[in-house]
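J.: Need the 3D shape of this:
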Amino acid sequence: MVRPWYWPKEGQPHRTVPFTWIIKGKMGVSWWPDPSVIEIYRREGIRTIINCSEFDNQQEIPKEFKYFNINIPDYGTPTDVQLKRFFKITSEGSDIKYPIVVHCVAGCGRSGIMIVAWAA
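T.: Okay, the predicted model is just below:
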């Protein structure tokens, strides 16, 4: 499994949850999708995964999911081009399959920025 060097083998610390809905059935956010998180995606009906980290994990994502990578460095902010791409992917008129999950590594920094931009 592709794993950032600083990602603990046991998953994230207990103070966070691996997945949460922003709008139930439409947009969720999660930390790095290890196999247990992929199972949550299946259980929750996720269809599309948007990875906002600098680590492209497409080869680890089962083919049943539509996958996009927007390479934003850790502690970085998205460029205008990256935001436009995100908005294009998530726009109602696109061929996107809902529900969507956005993830980075911890599921709070880069993912949070993209979710806030989407909701604004």
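J.: the strands in the protein, which residues?
T.: 19-23, 27-30, 48-51, 66-69, 100-103 (DSSP state E).
J.: With mean pLDDT and mean neighbour count as added columns, please give those strands in TSV.
T.: C-beta: built from backbone N, CA, C; applies to glycine. Listed next are those as TSV, based on pLDDT from 0 to 100; neighbours: other CB atoms under 10 Å:
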stretch	mean pLDDT	mean neighbour count
strand 19-23	90	15
strand 27-30	93	23
strand 48-51	94	23
strand 66-69	93	16
strand 100-103	94	25
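J.: what would those look like in a markdown table with distance to Gln59?
T.: Below are the strands of the chain laid out as a markdown table (distance: least, CB to CB, whole Å):
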| stretch | distance to Gln59 |
| --- | --- |
| strand 19-23 | 21 |
| strand 27-30 | 18 |
| strand 48-51 | 12 |
| strand 66-69 | 10 |
| strand 100-103 | 15 |
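J.: out of those, nearest to Lys88?
T.: Smallest distance to Lys88 across the strands of the chain (CB to CB): 9.9 Å, for strand 66-69.
J.: hmm, back to that, among the strands of the chain, which is nearest Glu39?
T.: With CB to CB as the measure, strand 19-23 is the member of these nearest Glu39 (10.1 Å).
J.: what's that closest one packed up against?
T.: Contacts defined by 3 or more CB pairs under 8 Å, 6 or more residues apart in numbering; DSSP states H and E place strand 19-23 against strand 27-30, helix 35-44.
J.: List the strands paired with the shortest one, with their directions.
T.: When pairing is defined by DSSP bridges, strand 27-30 lines up against strand 19-23 (antiparallel), strand 100-103 (parallel).
J.: Just the CA atoms of the last one, as CSV, please.
T.: As requested, the backbone C-alpha atoms of strand 100-103 are provided in CSV (Å, rounded to 0.1, in the frame of the first residue of the first chain):
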residue,chain,number,x,y,z
ILE,A,100,-17.9,12.2,-3.3
VAL,A,101,-15.2,12.0,-0.6
VAL,A,102,-12.3,14.4,-0.4
HIS,A,103,-9.2,13.2,1.4
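J.: what's the spacing between it and its chain's center?
T.: The chain centre lies 3 Å from the centre of strand 100-103; the measure is CA atoms, centre = their mean, to the nearest Å.
J.: All set now, cheers.
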